[in-house]
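Novice: how would this look folded up:
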Amino acid sequence: MPNLHFDYTDNIKQYIDFKKLALAMHQIIEDNLANAQVSGCKSFFTKLDNYIIADGDESHALIKLTLRILTGRDEASRIMVGKKLRELLVDTFETTAQAKQLQINVEVAEMPRQLYFK
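Specialist: Modelled structure (predicted):
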């Protein structure tokens, strides 16, 4: 069930290998969250065309990753997976961060099991 929602500003699209990044994120989730498997992970990439960051300078860029998981994992596991995902993004976009004023944010959000239907 883990869903990854990856929002990014349009000025960094050329730096993203979507499949490679998604598979790396899926593996981090399987390795760090109890009962999570790659086969249940889903990644969604959304390009942001309309945005203002800070003073509006076009050199600003943003990656906002939200991991949505079902309730039941301990806080330490949620913190660990959030940190690992952010480390992956920082490492992956190191060159981009040098060319752009790139901000990288990761949020781990829980969804109550009784409110998830499939």
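Novice: Now do the end-to-end distance for stretch 64-75.
Specialist: 21 Å (CA to CA, to the nearest Å).
Novice: So which bits of that stretch are buried?
Specialist: By neighbour count on 16 or more other CB atoms under 10 Å, the buried set for stretch 64-75 is 64-65, 67-70, 73. C-beta coordinates here come from the backbone N, C-alpha and C atoms, glycine included.
Novice: pLDDT on stretch 48-63, on average?
Specialist: The pLDDT scores in stretch 48-63 average 95.
Novice: Just the CA atoms of it, as PDB, please.
Specialist: Provided in PDB are the C-alpha atoms of stretch 48-63 (Å, rounded to 0.1, in the frame of the first residue of the first chain):
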ATOM      1  CA  LEU A  48       4.400  21.700 -10.800                       C
ATOM      2  CA  ASP A  49       4.000  24.300 -13.500                       C
ATOM      3  CA  ASN A  50       2.700  27.100 -11.400                       C
ATOM      4  CA  TYR A  51       4.600  27.900  -8.200                       C
ATOM      5  CA  ILE A  52       6.300  30.700  -6.400                       C
ATOM      6  CA  ILE A  53       9.200  29.800  -4.100                       C
ATOM      7  CA  ALA A  54      10.800  32.400  -1.800                       C
ATOM      8  CA  ASP A  55      11.300  35.600  -3.700                       C
ATOM      9  CA  GLY A  56      10.000  34.200  -7.000                       C
ATOM     10  CA  ASP A  57      13.500  33.800  -8.600                       C
ATOM     11  CA  GLU A  58      13.300  31.100 -11.300                       C
ATOM     12  CA  SER A  59      16.400  29.500 -10.000                       C
ATOM     13  CA  HIS A  60      14.500  28.100  -7.000                       C
ATOM     14  CA  ALA A  61      13.400  24.500  -7.300                       C
ATOM     15  CA  LEU A  62      11.500  22.100  -5.000                       C
ATOM     16  CA  ILE A  63      11.000  18.400  -4.500                       C
END
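Novice: Residues contacting it, please?
Specialist: 6-12, 89, 93, 96, 100-105 (CB atoms under 8 Å, 6 or more residues apart in numbering).
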